[in-house]
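**Student:** Take this sequence and fold it.
(chains A, B, C and D, ligands or ions: 4)
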Amino acid sequence: MKEITYVEAIQQALWEEMERDDSVFILGEDIGAYGGAFKVTEGMQEKFGEMRVLDTPLSESGFTGAAIGASLVGMRPVVEMQFADFISCAFDQIVNVAAKNFYRWKGRTPIVIRAPYGGNIHGGAFHSQCPEGWFFHTPGLKLVAPAFPSDAKGLLKAAIRDDDPVIYFEHKYLYRRIKEEVPEDDYVVPIGKARVVKEGSDISVITYGAMVHTALDASEKLEEGGISLEVVDLRTLLPLDKETVFDSVKKTSKVIVLYEATRTGGVGAEIAALISQEVFEYLDGPVQRISAPDTPVPFSPPMEEYYLPQVEDVVEAAEKLVAY
Amino acid sequence: MKEITYVEAIQQALWEEMERDDSVFILGEDIGAYGGAFKVTEGMQEKFGEMRVLDTPLSESGFTGAAIGASLVGMRPVVEMQFADFISCAFDQIVNVAAKNFYRWKGRTPIVIRAPYGGNIHGGAFHSQCPEGWFFHTPGLKLVAPAFPSDAKGLLKAAIRDDDPVIYFEHKYLYRRIKEEVPEDDYVVPIGKARVVKEGSDISVITYGAMVHTALDASEKLEEGGISLEVVDLRTLLPLDKETVFDSVKKTSKVIVLYEATRTGGVGAEIAALISQEVFEYLDGPVQRISAPDTPVPFSPPMEEYYLPQVEDVVEAAEKLVAY
Amino acid sequence: MDIDRDTLQQLYYYLKLTRHLEDRVTSLYRQGKVVGGVWTSNGTEAVSVGFSYALEKDDITAPYFRDMGAFLIRGITPRRIIAQYFGKKTGVSGGKEGNVHIGDMNFGVIGFPSHLADNYPVAAGAALAFKIRGEKRIAAACTGDGGTSRGDFHEALNLASVLKLPVVFFCNNNQYAYSMPHGKQMAVKDVADRALAYGMASEIVDGNDVIAVYTVSKKAYEKARAGDGPTFIECKTMRMHGHSEHDAAKYVPRELLEEWKKKDPIQRMEKYLIENNMVSEAEMKEIDERVRDVIEDAEEFADKSPYPEGKEALEGLYATPIGRDKES
Amino acid sequence: MDIDRDTLQQLYYYLKLTRHLEDRVTSLYRQGKVVGGVWTSNGTEAVSVGFSYALEKDDITAPYFRDMGAFLIRGITPRRIIAQYFGKKTGVSGGKEGNVHIGDMNFGVIGFPSHLADNYPVAAGAALAFKIRGEKRIAAACTGDGGTSRGDFHEALNLASVLKLPVVFFCNNNQYAYSMPHGKQMAVKDVADRALAYGMASEIVDGNDVIAVYTVSKKAYEKARAGDGPTFIECKTMRMHGHSEHDAAKYVPRELLEEWKKKDPIQRMEKYLIENNMVSEAEMKEIDERVRDVIEDAEEFADKSPYPEGKEALEGLYATPIGRDKES
Ligand SMILES: Cc1ncc(C[n+]2csc(CCOP(=O)(O)OP(=O)(O)O)c2C)c(N)n1
Ligand SMILES: Cc1ncc(C[n+]2csc(CCOP(=O)(O)OP(=O)(O)O)c2C)c(N)n1
Ligand SMILES: [Mg+2]
Ligand SMILES: [Mg+2]
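**Tutor:** Ligands and ions are numbered 1, 2, ... in the order given. Take a look at the predicted model:
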């Protein structure tokens, strides 16, 4: 197995699926000759041609709608949002058309929307958002958010093969910052399964995306002081793998829910709510949440740093919670 | 004081605010001569003229954007969505422009969006949605959702006078089904304050919108069996009045969060999460949630009835919870 | 274009079936048997009948809510349609959806989401798939005049034009968008002018003349099929009922309705068929009877059909369900 | 139109200030002093300078991200602008926002949200307010050629046209939308053709000729002010840098850049002023020095300015804060 970055894992999945299945194609802004704003599709147009790596006009709603239409007649389109922030322009197509097609009239809509999301890149309010929460409250969608190269590859493959609309949240900050050995063959990670990425005994940290790494860093720091974190990477946000989450809570009895998005109404709220309803009796302390505060993502570095959940925040919360 | 319906209360607020303040105007589809799909603005164009009761082309994003622009230069526009379901078409303008204007550049955006929402009218997937959850996860917005004629009036006035973008969720099912004495003078209900609409001692039901009435009906039924519900009507969803919620929980120690929207990631998830983090030690049982399941709103009456939370669901959950 | 006798009679049959089916649904609505509201294509039936009958079997269409003719012609049976209006399990969607929110890919019909013009980009996307795969299929979408004011209209036409997609966009210009007359919806006289912004070919056709709609559709389809790009077709007609059956439409001048009544698409086709000897008296009678029988049968079927059970609401959210996602 | 000497010199001054300020920001970016990315209007400065200088003080404008000239002319100081690029507390937004996301209603500037064309309906709405109140003010908005493919473009132009709003829409047609050349963005040769769909007046102007842009803007503003409705103005020009400073723009043919280099709007204006005796050598020198001084001063100011404190991130979410909403 070769060590590859998160973005290389995405590329591998795309290339392999395009080669495997003629019905897979990619569309979006600047993804053709240019290779995309983040160079994820570099070289693909040369290989697969202009129609299967399709540059579209600047119209998120239009090309998302087009992807939906293509999927209804048997294609498996992968839409690239240039930044996840622009997905708001395609919101109606996603939540009212794609998400409801199957329930309403058995319209199979196997599209994947790649949404490069997240902060820590000094992008400000419009290039740093974590919009997963908007879609999390929309039945009919599936949402995945890998934290590691292996999952980035395996979940993208699963998403492309899935018959439902999937939003694939790829964290921009991780693109070229993490490496991992990733199976070179046809590696598929099933949608709907969380993973305990680090076992521990004192506190469960339930998280996803870039925050998994924050949790792991915190875990290392805390280890020194004898506090043992279990880190659960959700990987799939919708539908949630409650079982894995609950199993971890049953084991540790204390929970921190960690997410990068703004606090109110985020994915973390649901996790906390589920835990406090369904495994209440196992809890030995309040379900803690750590997240960004309820504001747009600020631009200036000191503010962005303050805004984003940091390793120190997890360490502090864990120390308090252990003492509870 | 006169008894008026929920829709009359909305009308009163609109008329009074239009008379009081020249900068208030209304815009949307079919609201002029026709008086709107629900006849909320009937007669207003005759009184206030074509420009202040403005029919727009069929373009939710365009006229919501226009409302934002008008508000930036000193107007107080009230946008009517014909059905809340169509607000998805204006999503980007609301979450990225209106919600972020003030934080990003001190752009004051005092718009009100009236969103007739909710089910129980056999409207199916596109005329019954409860979209408040999508906006609840968007810092910068304020959301209100009155359950009574008095609050319908008072909160609409407050929304119009507020300097931030407010989405006013008016429940279609309540329009002509409930009556109440409402102060005829300038009656304003502050944004950000929940209300205990019925005191009780055994269980707190935290809810809003049409579900407040479901909770009250359940409370009556349960009274017979000696179970006492306290019903908290949130009234404002964003920003949440945590204090009133927490006070109630501290008193009863048991909680049902009741909401009509789909379960996962809804407003109720946040309430449950808040409670289980911040007043955990007062809890004598798991935080129960009752909501619609995670599907689009089904059309056929038996399915819609099954889908929507019913009085019986609350009764059952309360009986179980009391026994916990 | 020379149109054969059989085709002409079929067009006439579907015009009549559409009119009578919707009329029947309207009566049933007044009797309280229909769940939810009723919106009909009354007076504008030639649009959906014309453009749908011109499609080939493998083509696909994305009708909007005044396109009953499209559903019927594609093969969605009146039984399933009336059952849908009744909220019955045997309806097109098994009760999940109501009235004209009809879709079924087995018949090449993309379901209509209420949000007007949403299906314009969707239809363009189906056409894109055909183009990518090198198939000689086309897509046809329809929306109202009001729907053309929406952003998705713009994005769809622009995309289709830039990519030269085999799609034909129809507009049922029935003069009103709910209560809004043409001049409050757009500042161009002809909706067709909207196509100028995309360098797209456009046509204006008499939307009450089913032969004209059929003919112009065929032509545009062949063009699209040949790889020569999309067309936008404005069908000028008039909405003869209220926006829905609970709208008295007092905002429509009576004279306008009187004027358009004379142009009724069904009477007109009937007259044409008779004058040109394209239908015998016996055939005409047979058509009338077929229409009547089909509707009676459908109503009876729908009447007798069961409602879905409440808990079926939970089924069928995902095409690929995932074990752990069911709510407790 | 006869333009006086002072106006001409001011136009020239702002062209230069725009160019040099953005050039300076680009160098600072290379030095790692700028937070985030840098997008400039290099080569297209005459667009924002021309349309902004033609505005009256009470008018408002909604510039997009290649409209540095607009910010400067409206009175946003280079100090606040460079500080904004540095993420300093003294920046236009106090550090909340970066680079050209500049707005300040005290100067009649509506802030730019990244989402292209979002501010087109917003500008139309400001114009609507002016119309409702019977004020003789107008609104001017700008976006890129790519931005005109978005639905909000369509909805804004349609609304403005139907309501005859006092708004003028500009398009900086710099031939590319990021890597996408004109023909992949739209199938019409001139972006101005898009206006045909709305029955809206349109103009095509040489976007490298600041006098032409200024003149055509004035004319459109007066028309709008007089109640004669909106205009769409396409300014043809060329993006001379990459999409952003981290894009080498290899997809742009070198010859195209060579060709446009000859049409540089600043050199062209300089030549015009000199040939027409509209500027003396001393005046020219004075302008150059002013530009240099202003930028040096701004950089120094920004350099010395403090960063905001981290916790300021929590402030200023609401214009009317509500006691109980603060997160613990
Ligand atoms: C995006 C959106 N906004 C509002 C509505 C509510 N609505 C339903 S039909 C209608 C009028 C449609 O007019 P038009 O497009 O001309 O179609 P017609 O009804 O005349 O056939 C409106 C406003 C809708 N369906 N979709
Ligand atoms: C809705 C939206 N989608 C995508 C982007 C990302 N993006 C930023 S600039 C740009 C190209 C813009 O082209 P154009 O409108 O021609 O303006 P120019 O940069 O050429 O001035 C793109 C795709 C965006 N800002 N907004
Ligand atoms: Mg119409
Ligand atoms: Mg451009």
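
**Student:** For the stretch 51-200 of chain C, just list every one of the strands.
**Tutor:** C:60-62, C:139-144, C:167-173, C:176-177, C:180-181 (DSSP state E, counting those that start in this stretch).

**Student:** which one of the ones you listed is the most hemmed in?
**Tutor:** Here the criterion is mean neighbour count by mean count of other Cβ atoms under 10 Å in any protein chain shown, and of these the winner is strand C:167-173, at a mean of 31. C-beta here means a position set from N, CA and C on the backbone, and glycine is covered the same way.

**Student:** That one vs strand C:139-144, what angle?
**Tutor:** 20 degrees (axes from the mean of the first three to the mean of the last three Cα atoms, to 10 degrees).

**Student:** Just grab the bridge partners of the closest residue to ligand 3 within the stretch 51-200 of chain C for me.
**Tutor:** Here the stretch 51-200 of chain C gets closest to ligand 3 at one residue, residue C:144, 3.8 Å apart by Cβ to the ion. Beta-bridge partners recorded for residue C:144 (DSSP bridges): residue C:172.

**Student:** Just send the strands of the stretch 51-200 of chain C back as JSON lines, with distance to residue B:286 too.
**Tutor:** What follows is those, written out as JSON lines (distance: least, Cβ to Cβ, whole Å):
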{"stretch": "strand C:60-62", "distance to residue B:286": "46"}
{"stretch": "strand C:139-144", "distance to residue B:286": "49"}
{"stretch": "strand C:167-173", "distance to residue B:286": "53"}
{"stretch": "strand C:176-177", "distance to residue B:286": "50"}
{"stretch": "strand C:180-181", "distance to residue B:286": "51"}
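
**Student:** so who does the residue in chain C that ligand 2 sits nearest to touch?
**Tutor:** Per Cβ to the nearest ligand atom, residue C:155 is where chain C lies closest to ligand 2, at 10.8 Å. By Cβ atoms under 8 Å, 6 or more residues apart in numbering or on different chains, the residues touching residue C:155 are A:57, A:59, A:61, A:62, A:63, A:65, C:121, D:149, D:150, D:151, D:154.

**Student:** and what of residue C:312?
**Tutor:** Contacts of residue C:312 by Cβ under 8 Å, 6+ apart are B:298, B:303, C:89, C:94, C:95.

**Student:** again with residue A:214
**Tutor:** A:207, A:258, A:309, A:310, A:311, A:314.

**Student:** now do 10 Å
**Tutor:** A:205, A:207, A:231, A:258, A:260, A:290, A:308-314 (Cβ atoms under 10 Å, 6 or more residues apart in numbering or on different chains).

**Student:** Helix, strand, or coil at it?
**Tutor:** helix (DSSP: H, G, I helix; E, B strand; the rest coil).

**Student:** so how far is residue C:276 from the residue in the stretch 1-150 of chain C that ligand 4 sits nearest to?
**Tutor:** With Cβ to the ion as the measure, residue C:121 is the residue of the stretch 1-150 of chain C nearest to ligand 4, at 22.3 Å. From residue C:121 over to residue C:276 the distance is 41 Å, taken as Cβ to Cβ, to the nearest Å.

**Student:** quick one: which of these two has more around it?
**Tutor:** residue C:121 (36 against 10; other Cβ atoms under 10 Å in any protein chain shown).

**Student:** Please tell me how far the more buried one sits from residue C:168.
**Tutor:** Taken as Cβ to Cβ, the span from residue C:121 to residue C:168 is 14 Å.
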